[in-house]
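Peer 1: Okay, here's the prediction I keep looking at, along with the sequence it came from:
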Amino acid sequence: MAHEDLDYNPFYKSLQRAHTALYEQAQSKGWLVIIPHSSTLHGVQLTQTFAEMHILKPSPYFQDQFIAACKAESYGFSIEDGVLRTESGFEAMFTANVLYEELAYSREYKPFRILVTSRPLDPNYKPQVSDTDSDIGIPVGRLVQERISLNDHTRLLRSLPSYDKIMIALDSALVQFNNNYMVVDGFLDHTAKKLDRLCAQGVETVFTHVPALRKIALQDSRVEDSIRLAVESYILGWVHQKVIRAIIKMKGEEDEEIFSRCRQCVGISPESLGVSKEFCCPLPEAMVELTALDSFTTPLEKLNCLKNTLELITDGVQKHIKQDMLTQGKDAASPSLVSDDLIPILVTIIVQAKCNRLATNLFYIENFHWASSSKANLGYSLVTFKAATEYILMTDMKHLVPATVEEDTTQDNPLAAAVAAVSKGRVVQQVKHTGSTMDNLRRAWESLDGKKPVTRTTTASSSSSSSSSSMSVRPSSSATGLNRRASEQPASKAASAAQPARVAGVKAQLWRRNTWAEANQQTVSEELAAAGVISSADLHRSRTAN
């Protein structure tokens, strides 16, 4: 049985809510609390007697034995080598494996132990087949598995019984919202509340059409959380363009200020911001991950992008420290990266990624994401990025930029920003070859925003230059390379200027799907050109550079 989050265990929640006095008594006296794994609780009545059976106090007669806190009966137990055995009071003896143990603390900071077991201690317990398998045909494990992308959440909704009725109801409400609801400047809080209500109605629609799913959700709240996330992602995917345009209007000046300050700080290093030298190293993977932020649609996808960026920073720094210690022959414990160092490092990554809608994205995540994802590090990611944004806005860093910034070789080669980390061998992914890299590239590109690879046509230029496009980026001030070609071909200007971010977005998507095989830059260049992501001129420039 898998390790589970006790906050979702129905008996643990029952102790906290329905049997509060008993649970608080066990905490104050330091008694042993037994929590059967949630997968064994289908059909079990969580009565007062059942709860008392699972609170064990030390036996007054035998060392290392316990008795249940039952008032009517006396039940004895012993625990040895990870096995809980019945000792007295039972007609038929049985054992329960201790899956794992947690140490908890009462309000008075007194410690007490919680043991999660492979079965309940009720002598009348009989395993039952979950309603999940018989009524809706989807195992609980699949219902509650972690999902991030809009496509995965949509597939979950479409896998439910009566999904056609569910989708018709959701789509009808969303069409009405898009056609009739006007997002008024300065009233985005009203828009957020309106969409929150739509999400709640959508969840109720799902449970109305699938009553068995409601019954399962009452036993395991993770199921309800999964449905809420799926409905929220589906709804926000529908209305994303309408909402994000309104947020850009409100946050545009702050976006401009952040972007302007980042441009002034190109070349700044973590060390110049006070970061310990041992934590300073190139982090191209984190930069490329953050570059893809605008390519995502739902708040959860964007929030996960922030989390992945922080994880890539932490992992990259730790690998650098270990490699440095190995090189110097040191054997001491490696230092840990703390917030005082993480935030300045993140600032340099934001500068490198050239995020032109950072304030917009953070507002979107904070105000349009309501469903619980049960992942505390997601919330931590948002707080960390907000702190880094404040750092950028409140700190004068221009005097910290080196007088001579190393020439940016990616200006004349838009491919370089996207594939540098791979071509330099800094990224090692465990990949699953599910088709050729060419096919994976096309699928990843189409998954970005539902569009085909950009080609140098007037139509592509028009779609790319839209101010509301989630893929738009600011062109560099450089008069060379990509921007010089764009000025010579006005019809392709917007598409050309957006190429670095698009290429970076494609690569980030491929990393996330574990489909980007380790390859050299030349191979990647040819495949990107064949897909229409870069031009033949870019391909020639890449060959010349190599």
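Peer 2: On my side now, so go ahead. Numbering: from 1, shown residues only.

Peer 1: And the contacts of the strand or helix carrying D341?
Peer 2: Element membership for D341, per DSSP states H and E: helix 339-353. Outside of helix 339-353, the residues within contact range by Cβ atoms under 8 Å, 6 or more residues apart in numbering are 262, 265-266, 268-270, 273-276, 279-280, 283, 286-288, 290-291, 293, 309-310, 313-314, 317, 337, 358, 384-385, 387-389, 391-392. Where you see a C-beta, it was placed from the backbone N, CA and C, and this is true even at glycine.

Peer 1: What about the residues you listed, which are in helices?
Peer 2: 262, 286-288, 290-291, 309-310, 313-314, 317, 358, 384-385, 387-389, 391-392 (DSSP state H).

Peer 1: Just the buried ones from those residues?
Peer 2: 262, 286-288, 290-291, 309-310, 313-314, 317, 358, 384-385, 388-389, 391-392 (16 or more other Cβ atoms under 10 Å).

Peer 1: hey, where'd the helices end up in the stretch 301-450 of the chain?
Peer 2: With helices called from DSSP state H, counting those that start in this stretch, the stretch 301-450 of the chain shows them at 339-353, 358-367, 376-394, 416-423, 437-449.

Peer 1: Average pLDDT for the shortest one, rounded please.
Peer 2: Along helix 416-423, the predicted confidence averages to a pLDDT of 41.

Peer 1: Quick one: the strands in the protein, in order.
Peer 2: Ranges of strands in the chain, per DSSP state E, are 32-36, 55-58, 65-68, 76-80, 83-88, 95-105, 111-117.

Peer 1: can you list the weak-confidence ranges in the stretch 201-350 of the chain?
Peer 2: Residue ranges of the stretch 201-350 of the chain with pLDDT under 70: 331-333.

Peer 1: Recalculate using a threshold of 80.
Peer 2: The stretch 201-350 of the chain contains residues with pLDDT under 80 at 219, 328-336.

Peer 1: Return the distance of R357 relative to T291.
Peer 2: 12 Å (Cβ to Cβ, to the nearest Å).

Peer 1: And for A104, the neighbour number?
Peer 2: The number of residues packed around A104, counting by other Cβ atoms under 10 Å, is 12.

Peer 1: Could you do A246 as well?
Peer 2: 19.

Peer 1: which residues touch it?
Peer 2: 183, 185, 188, 191 are the contacts of A246 under Cβ under 8 Å, 6+ apart.

Peer 1: make it 7 Å
Peer 2: If you count contacts by Cβ atoms under 7 Å, 6 or more residues apart in numbering, A246 has them with 183, 188, 191.

Peer 1: now swap in R222 and tell me
Peer 2: 8, 144.

Peer 1: cool, the one 4 residues further on as well?
Peer 2: For S226, the contacting residues are 143-144, by Cβ under 7 Å, 6+ apart.

Peer 1: Could you check how far it is from Q241?
Peer 2: From S226 to Q241 the distance is 26 Å (Cβ to Cβ).

Peer 1: swap in Y181?
Peer 2: Y181 is 13 Å from Q241, by Cβ to Cβ.

Peer 1: Now do the closest residue in space to R261 that isn't next to it in sequence, the pLDDT please.
Peer 2: Nearest non-adjacent residue to R261, counting by Cβ to Cβ, 6 or more residues apart in numbering: I392, 5.4 Å away. Note for I392: predicted pLDDT of 93.

Peer 1: Share the number of residues neighbouring the nearest residue to P402 once chain neighbours are set aside, please.
Peer 2: Spatial nearest neighbour of P402, excluding adjacent residues (Cβ to Cβ, 6+ apart): G267 at 5.5 Å. G267: 16 surrounding residues under other Cβ under 10 Å.

Peer 1: my guess is G267 contacts K398, does it?
Peer 2: No: if you go by Cβ atoms under 7 Å, G267 and K398 don't touch, sitting 11.0 Å apart.

Peer 1: Just the helices from the stretch 1-150 of the chain, written as ranges.
Peer 2: 10-17, 20-29, 48-53, 131, 140-144, 150-158.

Peer 1: ok, and what's touching the third one?
Peer 2: For helix 48-53, contacts defined as Cβ under 7 Å, 6+ apart pick out 14-15, 19, 22, 68-71, 75, 121-122.

Peer 1: any idea how far K126 lies from P120?
Peer 2: Per Cβ to Cβ, K126 is found 10 Å from P120.

Peer 1: now swap in H190 and tell me
Peer 2: For H190 relative to P120 (Cβ to Cβ), the value is 48 Å.

Peer 1: In this structure V206 contacts I227, no?
Peer 2: Yes: using Cβ under 7 Å, V206 makes contact with I227 at a distance of 5.5 Å.

Peer 1: What is the neighbour count of the nearest residue to Q27 once chain neighbours are set aside?
Peer 2: Closest residue to Q27 in three dimensions, ignoring its sequence neighbours and counting by Cβ to Cβ, 6+ apart: S106, at 3.7 Å. Neighbour count of S106, defined by other Cβ under 10 Å: 15.

Peer 1: tell me the phi and psi of S106?
Peer 2: phi -80, psi 180 (degrees, to the nearest 10).

Peer 1: so who does it touch?
Peer 2: With contact set as Cβ under 7 Å, 6+ apart, S106 has these partners: 27-28, 112.

Peer 1: likewise C305?
Peer 2: Listed by Cβ under 7 Å, 6+ apart, the contact set of C305 reads 289, 292-293, 296.

Peer 1: Could you do V184 as well?
Peer 2: V184 sits in contact with no residue, where contact means Cβ under 7 Å, 6+ apart.

Peer 1: from here on, count from 2
Peer 2: Taking 2 as the first residue, the last one we looked at is V185.

Peer 1: For it, give me the pLDDT.
Peer 2: 87.

Peer 1: what separates it from M251, distance-wise?
Peer 2: For V185, the distance to M251 (Cβ to Cβ) stands at 11 Å.

Peer 1: Can you give me the neighbour number for the nearest residue to L401 once chain neighbours are set aside?
Peer 2: Leaving aside its sequence neighbours, L401 sits nearest to S273 (Cβ to Cβ, 6+ apart; 4.3 Å). Residue neighbour count, defined by other Cβ under 10 Å, stands at 17 for S273.

Peer 1: Quick check: S273 touching H400?
Peer 2: No: assessed by Cβ under 7 Å, S273 is found out of contact with H400, at 9.5 Å.

Peer 1: L363 and A389: what is the separation?
Peer 2: From L363 to A389 the distance is 10 Å (Cβ to Cβ).

Peer 1: ignore the last one, V84
Peer 2: 50 Å.

Peer 1: swap in V141?
Peer 2: For V141, the distance to A389 - Cβ to Cβ - is 38 Å.

Peer 1: Please apply the same query to K399.
Peer 2: K399 is 17 Å from A389, where distance means Cβ to Cβ.

Peer 1: and of the contacts of S107, the nearest to V211?
Peer 2: Here the nearest of those to V211, counting by Cβ to Cβ, is Q28; it sits at 38.1 Å.
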